[in-house]
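Enquirer: sequence first, predicted coordinates after that:
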Amino acid sequence: MILAVRALQNIPVNTAERVEAGIRIIRSGDENEVRAYLQKTREEDSVAWSILDVTMAVTRSAPHEALRKGVRLLPRVSDRPDVAGFLFHALSVAHTKLGDLSTAENYGLRALEAFERLGNREYAARLKIGLLTSQRFSRAEYESLYRDIRGVASSAGPEHRYDLDYILAVLEVIRGKPEVAIRRLSFLEEPGVGKLHYCRCMEIRGLATRLLGRMGEAVDIYLESAQGYIDFGNAYAAFPCAKALEIIRLKSSEPPPRKLVAKSLTLARKGSWGERAAAHEIEALMAEDEGKVVEGLFEAGKSYYRGYQPMEAFIAGLTSAFLAWRSDHPVFPKVLKFLAPLAPLHPGFRQDPILGRFLISIEQLLRESTEGNHECGLKAHLVGDMRVFVSDQEIFPASWRSQKAARALVYLLLSSKHRMSQDHLFYLLWPKARYTARTREWLYKTMYMIRKNLGNPGLLVKKHDFYQLEGDVWTDLGELENLMLRADATQDTAERNEILSRARELARGELLPEFSYDSYVDEHRQYYERLRKKVFGE
């Protein structure tokens, strides 16, 4: 904060100091202070302002905007190691929010290298914590994260206490220890907590309070969190707002202020996939017809899952299943299939006073759903020789007349949620072209060729700014990820060994050897090699 005060008092500082001071002010969550600091920085240091502008876009859950601005800024900081790390970090977070985890990890490692070379120990340590947690939360690798983060917490300095206690609080809720989670968050009464960090911690306190059966108090906590995000213009407000509405819907309580709900929805529609999924959930929970609530919650759950929000996906899906069971809605078997891989990863919700007993009662059905038929519309083997099947009929992308279409299909298959933003997909296919109204037609034609070659246009859809493979899509890489998640969450040694044995069968080849000179495939190949080492215990 001293650096921030120096800058605001017009005492000269270098660009790196300006950026570092600005990030601290942004984390404080004081909108007026942030606005004043950014205005002064814009007048005096355009590079520092540009980096902070990207950071603000990330902070407000606007990753598309952050990537658009950040990529343009890269050439200006490529020869500035003193500030490049801050931009790399912002781009890493933006890619994480969009679900491009391999690219996010690569930017994160570049940022870490930059901070370590400069001797910036505080940011290097903070970044290590971020790299350790963000992607594991996105992949629901809770157990391994819990073990590692406790080890980090035992030796971390006091400046990282708030971040680590927040992470551990989330994990304690998932593990079924809400009392421990609330004790972890006791620091919220201290004066040094930034406003945004306070808001995200309050969301988890609300969840822990719900599991303890104090529903009215939980709703109030959620709404306080949502209002704090709204005050900062942050699209994440939709998350705690949706959690409040879940309780209100299930307990027939008084609805929250309409203005808060409306503002949460407005912000969420400008956010990433996760915030938009929260908007879908809010809209579903506000519907009067229970059938529409059931269907809307199921769609929201799937959207959360595609947005790398597994806990929210599970909660929305479980609420949908409960209401479907209560009303005998025909979507119930589909919701069970969706919940089956998520339920073992979230054991703490067996204690939920509203849905816990129902969750325990359907556990056998969930197991049967996991062990049942796994027919899918699109099936792809990406390890070893690439083979793609549509409704059990093999297709051959390598022989397509449009190799752009073949590559685009590969990119969509590589994503664990099989979706990509249209501008990101465009720049992967035409890295030297500008994304304009005219060049956008190239992407439309490429997507048309994929649909034509798949033989079923419904397998590739456009939702919002994303292209997405629809229906039940299976890849061996995705199956390998799921097996490792199950192995990590399994306590039974024999069952774990059986799961690892199946994983080893899938990990015996190279990922997409046919695409040896593709930078995007290379990023996923690096991830696959790290996953493979875990499979074989190397």
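Expert: Arrived safely.
Enquirer: that's a helix at residue 270, yeah?
Expert: No. When DSSP: H, G, I helix; E, B strand; the rest coil is applied, residue 270 is found to be coil, with no helix at that position.
Enquirer: how about the nearest residue to the residue nearest to the spatial centre of the chain, chain neighbours excluded?
Expert: Closest to where the C-alpha atoms of the chain average out (C-alpha atoms, centre = their mean) is residue 308, at 3.5 Å. Spatial nearest neighbour of residue 308, excluding adjacent residues (C-beta to C-beta, 6 or more residues apart in numbering): residue 138 at 3.9 Å. (C-beta placed from N, C-alpha, C; glycine too.)
Enquirer: I'd say that neighbour and residue 99 touch.
Expert: Yes. Counting by C-beta atoms under 8 Å, residue 138 does reach residue 99; the two are 7.4 Å apart.
Enquirer: of those two, give the one with the bigger neighbour count.
Expert: Using other C-beta atoms under 10 Å, the more surrounded residue of residue 138 and residue 99 is residue 99, with 25 against 20.
Enquirer: which SS class is that one?
Expert: Going by three-state DSSP: residue 99 is coil.
Enquirer: nearest residue to it in space, please, no chain neighbours.
Expert: Distances taken as C-beta to C-beta, 6+ apart place residue 308 nearest to residue 99, at 4.9 Å, with adjacent residues excluded.
Enquirer: same deal with residue 342?
Expert: Leaving aside its sequence neighbours, residue 342 sits nearest to residue 314 (C-beta to C-beta, 6+ apart; 4.3 Å).
Enquirer: neighbours around the one you found, how many?
Expert: With other C-beta under 10 Å as criterion, residue 314 counts 24.
Enquirer: name all residues that make contact with it.
Expert: By C-beta atoms under 8 Å, 6 or more residues apart in numbering, the residues touching residue 314 are 301, 339, 342, 343, 345, 346, 349.
Enquirer: pick the one among those residues closest to residue 151.
Expert: Checking those against residue 151 by C-beta to C-beta gives residue 345 as the nearest, at 21.1 Å.
Enquirer: how much space between the residue nearest to residue 99 and residue 134?
Expert: 9 Å (C-beta to C-beta, to the nearest Å).
Enquirer: overlap of the contact sets of those two?
Expert: residue 96.
Enquirer: now do the helices in the stretch 251-400 of the chain.
Expert: Under the criterion DSSP state H, counting those that start in this stretch, the stretch 251-400 of the chain contains helices at 258-268, 273-286, 290-306, 310-327, 332-339, 356-361, 363-371.
Enquirer: what's the most buried one of the ones you listed?
Expert: Mean neighbour count (mean count of other C-beta atoms under 10 Å) peaks for helix 273-286 among the helices of the stretch 251-400 of the chain, with a mean of 25.
Enquirer: need the residues that contact it.
Expert: In contact with helix 273-286 (C-beta under 8 Å, 6+ apart) are residues 61, 97-99, 235-236, 238-239, 241-242, 245-246, 248-249, 261, 264-265, 267-269, 292-293, 295-297, 299-300, 303-304, 306-309, 312, 316, 419, 464, 466.
Enquirer: and stretch 38-57, what's its mean pLDDT?
Expert: For stretch 38-57, mean pLDDT rounds to 93.
Enquirer: do stretch 241-249 as well
Expert: What stretch 241-249 shows for mean pLDDT is 97.
Enquirer: mind checking pLDDT for residue 6?
Expert: Reading off the confidence values, residue 6 has pLDDT 47.
Enquirer: now tabulate the contacts of residue 314 in CSV and tack on distance to residue 407 and pLDDT.
Expert: Formatted as CSV, the contacts of residue 314 follow (distance: C-beta to C-beta, whole Å; pLDDT from 0 to 100):
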residue, distance to residue 407, pLDDT
301, 31, 95
339, 34, 95
342, 31, 92
343, 36, 93
345, 33, 91
346, 36, 94
349, 40, 96
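Enquirer: quick check: residue 273 vs residue 437, distance?
Expert: 24 Å.
Enquirer: next one: residue 288
Expert: Separation of residue 288 from residue 437 (C-beta to C-beta): 41 Å.
Enquirer: model confidence for residue 11, exactly?
Expert: 44.
Enquirer: what are the ranges of the strands in the chain?
Expert: Taking DSSP state E, the strands of the chain run over residues 378-381, 387-390, 393-395, 419-421, 460-463, 466-469, 473-475.
Enquirer: lowest average pLDDT across the ones you listed?
Expert: Lowest mean pLDDT within the strands of the chain: strand 419-421, a mean of 84.
Enquirer: contacts for that one?
Expert: 64, 98-100, 273, 306, 411-412, 463, 465-469.
Enquirer: can we see that at 6 Å?
Expert: For strand 419-421, the surrounding residues in contact (C-beta atoms under 6 Å, 6 or more residues apart in numbering) are 306, 465, 466, 467, 468.
Enquirer: contact partners for the third one?
Expert: By that I understand residue 466. The neighbours of residue 466, taking C-beta under 6 Å, 6+ apart as the test, are 419, 421.
Enquirer: mind running it again at 8 Å?
Expert: Counting by C-beta under 8 Å, 6+ apart, residue 466 has contacts 273, 419, 420, 421, 422.
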